[in-house]
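Novice: fold the following, please.
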Amino acid sequence: MSTITYFSLYNCALAGAAAGMLSQRQALYENGGSAVEPADSNVLCATSALYAKEVDALLVSASPAPPASVLDMVFDGSTVIPTTAALASASAYLPVVMALMSKSIFENRGIPTDAEGEVYDQAEWTASLIPNAIVSYFLAFSNNTYADGGDVVKFVPLANVAMGAAMAGMISGRQDLYDGNGNPLAQTSFATQVATAAAFAAEIDAQLVAQQIALGGGFPTHVADMVGAPDWSTVPPTTNFLTNALYTYTPAMGCLCKAIFDGRGIPKDANGVAYVQADYADMANTVVAQFLQYAINGVVVT
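Specialist: All right, here's what the predicted structure looks like:
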């Protein structure tokens with residue numbers, strides 16, 4: 001395998017693709033009746049790795065280049081240890097979103113095969129435009145995320161993973177490969193998805209903040225301490241407590257948000273207009289309630 005640049009994104013693209021290919025079809029026993037063993041997933045993981053390799057190559061060659069949140073994840077061929085608010089936040093939500101988007105595009109597809117019944121090789125992954133669709137979608141998301149220390153959202157990694165996971169759910173089992181004019185998808189193809197997912201994320205954050213006030217001492221400290229007041233910047237994980245919170249509660253929020261969007265497409269009102277923030281009140285309330293109950297019952301590392 002040639003050199004990979006974005007290690008975390010590559011690994012999560014591979015895992016997400018493999019998970020999507022297994023959606024609703026995971027075998028517990030192989031044809032011979034014996035329990036599944038690691039080697040039984042060789043074909044699945046080999047073709048998923050080629051998909052992830054193409055994703056990485058497209059990220060490297062993207063024009064315009066990926067945003068700083070993506071570029072800054074690696075330096076001089078190595079993954080960067082997150083010592084700043086921006087790096088901590090990005091390292092928590094970007095890999096999760098890549099995994100969830102990759103899972104969505106493969107759900108109910110099984111392992112893609114060519115006309116001869118062979119699993120896709122590298123050239124077929126390129127020609128399929130599936131990696132291009134995901135990279136375009138992922139970059140449309142990552143170029144429009146909320147920034148740390150701003151006055152728009154407070155729980156930045158949770159809001160951003162909510163946004164990306166909502167976008168992932170919108171394409172569950174229904175990803176197009178071309179735009180309305182028959183051209184391969186580009187970052188600009190997803191303005192509606194980005195805007196409505198960002199509105200959902202803003203409502204998630206607003207309800208988290210409201211619950212923090214309402215619950216007072218009952219609000220999970222390990223969630224509250226993910227961000228620092230008064231500037232509401234993500235706190236770099238310098239302790240076991242902070243590391244556990246950032247890298248467990250961010251994916252938990254992502255999984256909940258994807259689940260509530262799966263199979264919906266783009267939510268629209270009675271007039272066919274994509275939802276704005278106010279329209280998401282009930283959906284966001286459900287997610288936040290489930291998330292906080294999960295966090296309250298989670299194991300806290302001290």
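Novice: quick one: low-confidence parts of the protein?
Specialist: Residue ranges of the chain with pLDDT under 70: 1-2, 24-32, 299-302.
Novice: please redo it, this time with the cut-off set to 50
Specialist: Confidence mapping of the chain against pLDDT under 50 gives the ranges 1.
Novice: element containing the residue nearest to Ala68 when sequence neighbours are not counted, please.
Specialist: Spatially, and ignoring its direct neighbours in sequence, Ala68 is nearest to Ala86 (7.5 Å; CB to CB, 6 or more residues apart in numbering). Backbone N, C-alpha and C define where each C-beta goes, glycine included. Assigned by DSSP states H and E, Ala86 belongs to helix 85-106.
Novice: which other helices and strands contact that helix?
Specialist: The contact analysis (3 or more CB pairs under 8 Å, 6 or more residues apart in numbering; DSSP states H and E) places helix 85-106 against helix 7-21, helix 42-61, helix 68-71, helix 130-142, helix 156-170, strand 233-234, helix 240-261.
Novice: which SSE is immediately downstream of the longest one?
Specialist: The reference is to helix 240-261. Next helix or strand after helix 240-261 toward the C-terminus (DSSP H and E): helix 281-297.
Novice: before we move on, back to that, can you tell me which of the helices and strands packed on helix 85-106 is most buried?
Specialist: Mean neighbours per residue, mean count of other CB atoms under 10 Å, is largest over the helices and strands packed on helix 85-106 for helix 156-170, with a mean of 30.
Novice: for it, C-alpha coordinates in CSV please.
Specialist: Listed next in CSV are the C-alpha coordinates belonging to helix 156-170 (Å, rounded to 0.1, in the frame of the first residue of the first chain):
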residue,chain,number,x,y,z
VAL,A,156,-18.1,22.8,19.6
PRO,A,157,-17.1,19.1,19.1
LEU,A,158,-20.6,17.9,19.9
ALA,A,159,-22.2,20.5,17.6
ASN,A,160,-19.9,19.7,14.8
VAL,A,161,-20.3,15.9,15.1
ALA,A,162,-24.1,16.4,15.2
MET,A,163,-23.9,18.4,12.0
GLY,A,164,-21.7,15.8,10.2
ALA,A,165,-23.8,12.9,11.5
ALA,A,166,-27.0,14.5,10.4
MET,A,167,-25.5,14.8,6.9
ALA,A,168,-24.4,11.1,7.1
GLY,A,169,-28.0,10.1,8.0
MET,A,170,-29.4,12.0,5.2
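Novice: who's in contact with the residue nearest to Gln175 when sequence neighbours are not counted?
Specialist: Closest residue to Gln175 apart from its sequence neighbours, by CB to CB, 6+ apart: Ile105 at 4.6 Å. By CB atoms under 8 Å, 6 or more residues apart in numbering, the residues touching Ile105 are Ala17, Gly20, Ile130, Ala133, Ile134, Ile171, Gln175.
Novice: between those, which is nearest Leu59?
Specialist: Ile134 (10.1 Å; CB to CB).
Novice: any idea how far the closest one lies from Pro82?
Specialist: Applying CB to CB, to the nearest Å, the value for Ile134 to Pro82 is 24 Å.
Novice: the helices and strands packed on helix 85-106: which one's closest to Val96?
Specialist: Using CB to CB, those put helix 240-261 closest to Val96, at 4.6 Å.
Novice: show me what that closest one is packed against.
Specialist: helix 85-106, helix 156-170, helix 191-215, helix 221-224, helix 281-297.
Novice: quick one: residues contacting the residue nearest to Ala68.
Specialist: By CB under 8 Å, 6+ apart, the contact set of Ala86 is Ala68, Ser69, Asp72, Ala147, Asp148, Thr234.
Novice: quick one on the thing from earlier: can you name the element that comes right after the helix holding Ala86?
Specialist: That would be, after helix 85-106 and using DSSP H and E, helix 122-128.
Novice: helices or strands up against that following helix?
Specialist: Identification of packing neighbours for helix 122-128 by 3+ CB pairs under 8 Å, 6+ apart yields helix 42-61.
Novice: then the helix it packs on to CSV, C-alphas only?
Specialist: The C-alpha trace of helix 42-61 is given here as CSV (Å, rounded to 0.1, in the frame of the first residue of the first chain):
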residue,chain,number,x,y,z
ASN,A,42,-10.2,-10.6,4.4
VAL,A,43,-12.1,-9.8,1.2
LEU,A,44,-14.4,-7.3,3.0
CYS,A,45,-11.5,-5.4,4.6
ALA,A,46,-9.2,-5.6,1.5
THR,A,47,-11.8,-3.9,-0.8
SER,A,48,-12.7,-1.4,2.0
ALA,A,49,-9.0,-0.5,2.3
LEU,A,50,-8.9,0.3,-1.4
TYR,A,51,-11.9,2.5,-1.0
ALA,A,52,-10.2,4.3,1.9
LYS,A,53,-7.0,4.7,-0.1
GLU,A,54,-9.0,6.4,-2.8
VAL,A,55,-10.6,8.7,-0.2
ASP,A,56,-7.2,9.6,1.1
ALA,A,57,-5.8,10.3,-2.4
LEU,A,58,-8.8,12.5,-3.2
LEU,A,59,-8.4,14.5,0.0
VAL,A,60,-4.7,15.1,-0.8
SER,A,61,-5.5,16.2,-4.4
